[in-house]
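> Structure here, sequence nowhere to be found:
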């Protein structure tokens, strides 16, 4: 029978399951990671801390939002594979699982880490972080490109649909019925570009910064799909924060430009034959698809089921809508033209 874990009962649960010694001293703190799971850090007196993560069927949003509990096993599998795709330590190592309760344990990141989302909202914009993230996402996409084993394992889009396509893309049509056909075409086009492993939650809230470097967490939406979704999703977070800061947000726009340049020029995003970099045509085509996902994701974060918590003023929300709709009805020809448009908007 499913047992919901809390910070209050988890120590007893772990001792009962023999993941903790029955006599050892341990404590637990709930962590604020996302809306779809409970995440608890286990503090141990003489051994290394670890983190417990458990699925929740109903996500913590105002609008009703449900997803299958077994999505956590997709995350468990992808985390183990990412150990081979990224440098050691970027993704926490998984430790054990409890199948009947839809939970697993992973190594704990340094307790004194910073969440990149909080760092950005504090007005600290480090281009080196953006460049490293461009390298990491490029490595994931490149090393999984047209991998038949990955496609067979993670080609099912049910969880991705439940957690992204439906609450983000289909839901925004309620607020913007004039883009229904455009949204339908975007979903169909994404389905037609099943190319590589896509995380679908590559965002500042899942990027942790420590003295040891950058760490990535939260992979339950991962699937074999279109890399343009990852790119548009990630860039939307940076450009939303740029709008939050207004004229000072130019530095955040520069992060987006650093990230894109690193992803395109210092990694082999969508390799063809023996090419080590994307061709100009491939870059342009990927950029155009990315712009569409950027527009949809920006709208989703103000009019979807999961809205950002740092944009509350109506004038800023309307600015997001105006910019995103301009990308839909008057699309720029490249990512640099996209960031230039926002720069001009913020300085007008």
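Yep, it's here. It should be emphasised that the depicted structure is a prediction, and the values quoted were computed from it without experimental measurement.
> got a list of what residue 238 touches?
For residue 238, the contacting residues are 120, 130, 204, 252-253, 255-256, 259, by Cβ atoms under 8 Å, 6 or more residues apart in numbering. Where you see a C-beta, it was placed from the backbone N, CA and C, and this is true even at glycine.
> just checking, next helix/strand downstream of the helix or strand harbouring it?
Here residue 238 sits within helix 227-245, counting by DSSP states H and E. Sequence order places helix 250-265 as the next helix or strand after helix 227-245, per DSSP H and E.
> Just give me how far the next helix or strand after that following helix sits from the chain centre.
For helix 250-265, the following helix or strand on the C-terminal side (DSSP H and E) is helix 280-303. Relative to the mean C-alpha coordinate of its chain, helix 280-303 is positioned 15 Å out (Cα atoms, centre = their mean, to the nearest Å).
> Same question for stretch 111-127.
16 Å.
> next one: stretch 19-32
The answer for stretch 19-32 is 28 Å, by Cα atoms, centre = their mean.
> likewise stretch 80-92?
16 Å.
> quick check: mean pLDDT across that stretch?
Mean per-residue pLDDT for stretch 80-92: 95.
> how long is it end to end?
9 Å (Cα to Cα, to the nearest Å).
> what residue ranges in the stretch 151-300 of the chain score low on pLDDT?
267-279 (pLDDT under 70).
> Turn the contacts of residue 238 into a markdown table, columns for neighbour count and distance to residue 166.
Putting the contacts of residue 238 into a markdown table (neighbours: other Cβ atoms under 10 Å; distance: Cβ to Cβ, whole Å) gives the following:
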| residue | neighbour count | distance to residue 166 |
| --- | --- | --- |
| 120 | 25 | 28 |
| 130 | 23 | 30 |
| 204 | 20 | 23 |
| 252 | 23 | 29 |
| 253 | 23 | 30 |
| 255 | 24 | 29 |
| 256 | 24 | 27 |
| 259 | 25 | 27 |
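> hmm, which two among these are most spread apart?
Pairwise distances across these (Cβ to Cβ) peak at 14.7 Å, for the pair 204 and 253.
> Which stretches in the stretch 101-250 of the chain count as strands?
103-107, 114-115, 196-198, 207-210, 213-216, 223-225 (DSSP state E, counting those that start in this stretch).
> now the angle between helix 280-303 and the helix holding residue 238, please.
50 degrees (axes from the mean of the first three to the mean of the last three Cα atoms, to 10 degrees).
> what's the angle between helix 227-245 and helix 250-265?
Using the same axes, to 10 degrees, helix 227-245 lies at 170 degrees relative to helix 250-265.
> Off-centre distance for helix 227-245?
Here helix 227-245 is found 10 Å from its chain centre; the criterion is Cα atoms, centre = their mean.
> Ok, stretch 91-110 next?
19 Å.
> Residue 113 and residue 214 touch, don't they?
No: checked against Cβ atoms under 8 Å, the pair residue 113 and residue 214 is beyond contact range at 10.0 Å.
> hmm, back to that, reformat the strands of the stretch 101-250 of the chain as CSV; add distance to residue 299.
Output for the strands of the stretch 101-250 of the chain, formatted as CSV (distance: least, Cβ to Cβ, whole Å):
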stretch, distance to residue 299
strand 103-107, 33
strand 114-115, 24
strand 196-198, 20
strand 207-210, 23
strand 213-216, 26
strand 223-225, 20
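> Between those, which one is closest to residue 297.
That would be strand 196-198 among those, by Cβ to Cβ, at 13.3 Å.
> quick one, what contacts the spatially most central residue of the chain?
In the chain, the C-alpha nearest the mean C-alpha coordinate belongs to residue 201, at 1.8 Å (Cα atoms, centre = their mean). Residue 201 makes contacts with 218-222, 233, as judged by Cβ under 8 Å, 6+ apart.
> And for residue 70?
55, 102.
> and what of the one 5 residues further on?
Contact criterion Cβ under 8 Å, 6+ apart gives 53, 104, 218-220, 222 as the residues in contact with residue 75.
> Pick out whichever of these sits closest to residue 284.
Among the contacts of residue 75, residue 222 lies closest to residue 284 (Cβ to Cβ), at 26.7 Å.
> Can you tell me the closest non-neighbouring residue to the closest one?
The spatial neighbour of residue 222 that comes closest, neighbours along the chain excluded (Cβ to Cβ, 6 or more residues apart in numbering), is residue 78 at 4.3 Å.
> After the helix or strand harbouring that neighbour, heading C-terminal, what element do we hit next?
Element membership of residue 78, judged by DSSP H and E, is helix 71-85. Toward the C-terminus, helix 71-85 is succeeded by strand 94-98 as the next helix or strand (DSSP H and E).
> For that next one, which helices and strands make contact with it?
Counting contacts by 3 or more Cβ pairs under 8 Å, 6 or more residues apart in numbering; DSSP states H and E, strand 94-98 is packed against helix 71-85, strand 103-107.
> quick one: contacts of that strand?
17, 19, 50, 73, 76, 79-80, 103-107.
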